[in-house]
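Peer 1: coordinates only, sequence not included:
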């Protein structure tokens, strides 16, 4: 203790020491000291430092005014988080200084959730107050991004909570992260995050995707970026995505290739529907090009525009193996998919069909036209479609002005109210596949078929018109028609 010439009382205590263990007797003695400032004791209680460190302490009381300075050089120590931010760290190496009611550090290395982290600059001010103010610039490599990180960030990540709620990251999701933390009310948002080299799994609307690459930015209210990886058995690329972390609304520009139809779409379609499609339809791949998806979190509605195509995975669409098959392209704009919280799926919208072929007991080729489709997983589960202004070739016959209604549920397929123009005549009928003791059956009539247009034997001359009434039934599903009848009137 000393007094300066003006008579001001001045007390000073300087200590330099090496400590093997910050916990145990050292911590007990520090917390029981009457000379250690209360703010330092509070920091020790909250951070719970453990491990080795070097200490450089100056405690000074100048006529009742404290001017304490504490320098701690951590050598592989561990610390717990601060109030509201339970971000524990291990293998901490670097210097932390206390002065003027604040902790500061620069170029400190540590490990968080097992990943290497470096604090380029950090400051925690107002330690004696109820809400200290943090300023941090932190970089991490390969940091786990699942809910463990959300829990560790505590109140710092409250504004970004929607990221974990909507994306549901899995434990293997990792990335390189740069974080900037600023006091509330400053020039920028309290928390800014940049993610690079993203990899691992997450679930979006229940769909499990695995990222091979990706980057994103969080700026205090939204996350935006791009990503690519695997969706089920196929590949996808999100050229751009945007998520509002407050509302949960999202937008995605998406391309996808070689998805297994319809298994890779669960839960956008139900497990039962996917199993039925897999057992009924020959292996089919789904490709999506230029899709724009918008998610309304409050309504739990997905709105989609783009182009999708179905292609056989193994063989020609008309391969004679007894299964259903489909190959074609569908353009959609404003297609909606409702996913209520209680379960169930309902999709509906208008589409444009082109270059489509079907093998469902009878061959349909070159199908083009407009359709309104509805998929419902409720009590009346199935796919409903109404097609109009279409054209196609049915068993080789060219159809124009084609319209029909379709209902597919499980292995059953019904096509009703078929009308079309064929070779100058008018066709009408219905077709059904699947049912008890039935592979398929159908009934069609044709009025005023023009024999000259219908053709036939090149050496024969045909003229006039014919009416046809054709009915067929096949209980077995073998290629040969089981029973058929045809009446004609010339």
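Peer 2: Sure thing, it's come through. This one's a predicted model, so the numbers in the text were calculated from it and none came from an experiment.

Peer 1: outside of the helix or strand containing residue 358, which residues touch it?
Peer 2: Under the criterion of DSSP states H and E, residue 358 resides in strand 346-359. Strand 346-359 is touched from outside by 268, 317-319, 323-338, 363-378, 387, 390, with contacts defined as Cβ atoms under 8 Å, 6 or more residues apart in numbering. Any C-beta I mention is one placed from the backbone N, CA and C, and that applies to glycine too.

Peer 1: Buried residues, it. List them.
Peer 2: 347, 349, 351, 353, 356-359 (16 or more other Cβ atoms under 10 Å).

Peer 1: hmm, which two among those are most spread apart?
Peer 2: 349 and 359 (25.3 Å; Cβ to Cβ).

Peer 1: about what we covered before: which of the buried residues of strand 346-359 lies closest to residue 427?
Peer 2: residue 358 (16.6 Å).

Peer 1: Am I right that residue 151 falls within a strand?
Peer 2: No: read with DSSP: H, G, I helix; E, B strand; the rest coil, residue 151 is helix and lies in no strand.

Peer 1: ok, now how distant is the residue positioned nearest the centre of the chain from residue 303?
Peer 2: By Cα atoms, centre = their mean, the mean C-alpha position of the chain lies nearest to residue 204, the distance being 2.7 Å. Between residue 204 and residue 303 the computed distance is 15 Å (Cβ to Cβ, to the nearest Å).

Peer 1: circling back to that earlier point, OK, contacts around the residue nearest to the centre of the chain?
Peer 2: So residue 204 contacts 166-168 (Cβ under 8 Å, 6+ apart).

Peer 1: Please repeat the previous calculation with a cut-off of 10 Å.
Peer 2: Residues counted as contacts of residue 204 (Cβ atoms under 10 Å, 6 or more residues apart in numbering) are 166-168, 231, 238, 241, 243, 250, 252, 293, 295.

Peer 1: which is the next helix or strand following the helix or strand of the chain with the lowest mean pLDDT?
Peer 2: Lowest by mean pLDDT, DSSP states H and E among the helices and strands of the chain is strand 2-3, with a mean of 50. Sequence order places strand 9-19 as the next helix or strand after strand 2-3, per DSSP H and E.

Peer 1: list the helices and strands that next one packs on?
Peer 2: strand 2-3, helix 25-32, strand 50-62, strand 69-79 (3 or more Cβ pairs under 10 Å, 6 or more residues apart in numbering; DSSP states H and E).

Peer 1: Okay, now the unreliable bits of this protein?
Peer 2: 1-10, 63-64, 315-323, 361, 434-439, 455-463, 475-490 (pLDDT under 70).

Peer 1: Quick check: buried residues in stretch 409-429?
Peer 2: So for stretch 409-429, counting by 16+ other Cβ under 10 Å, buried means 409, 413-415, 418, 420, 422-423, 425, 427, 429.

Peer 1: whoops, I mixed them up, stretch 228-238
Peer 2: Those would be 228-232, 234-238, for stretch 228-238 by 16+ other Cβ under 10 Å.

Peer 1: which residues sit against it?
Peer 2: 198-202, 204, 207-214, 225-227, 239, 252-261, 263-266, 285-288, 291, 293, 313.

Peer 1: What about those residues, which are in strands?
Peer 2: Mapping the contacts of stretch 228-238 onto strands (DSSP state E) picks out 198-202, 204, 207-214, 225-227, 239, 252-261, 285-288, 291, 293.

Peer 1: Let me see the domain layout of this protein.
Peer 2: 1-144, 146-246 (automatic domain parsing).

Peer 1: What's the end-to-end length of the shortest one?
Peer 2: By that I understand domain 146-246. In domain 146-246, first residue to last residue: 19 Å (Cα to Cα, to the nearest Å).

Peer 1: still on that earlier bit, strand partners of the strand holding residue 358, parallel vs antiparallel please.
Peer 2: strand 325-338 (antiparallel), strand 363-376 (antiparallel) (DSSP bridges).

Peer 1: With mean neighbour count added, can I get those in TSV?
Peer 2: As requested, the strands paired with strand 346-359 are exported to TSV (neighbours: other Cβ atoms under 10 Å):
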stretch	mean neighbour count
strand 325-338	18
strand 363-376	18
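
Peer 1: TSV for the ones you listed, including distance to residue 452?
Peer 2: Shown next, in TSV, are these (distance: least, Cβ to Cβ, whole Å):
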stretch	distance to residue 452
strand 325-338	32
strand 363-376	23
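
Peer 1: Mind checking those strands for the one nearest to residue 60?
Peer 2: Of all these, it is strand 325-338 that lies closest to residue 60, at 68.0 Å by Cβ to Cβ.

Peer 1: Check the offset of the closest one from the chain's centre.
Peer 2: In terms of Cα atoms, centre = their mean, to the nearest Å, the centre of strand 325-338 is set 20 Å apart from its chain centre.
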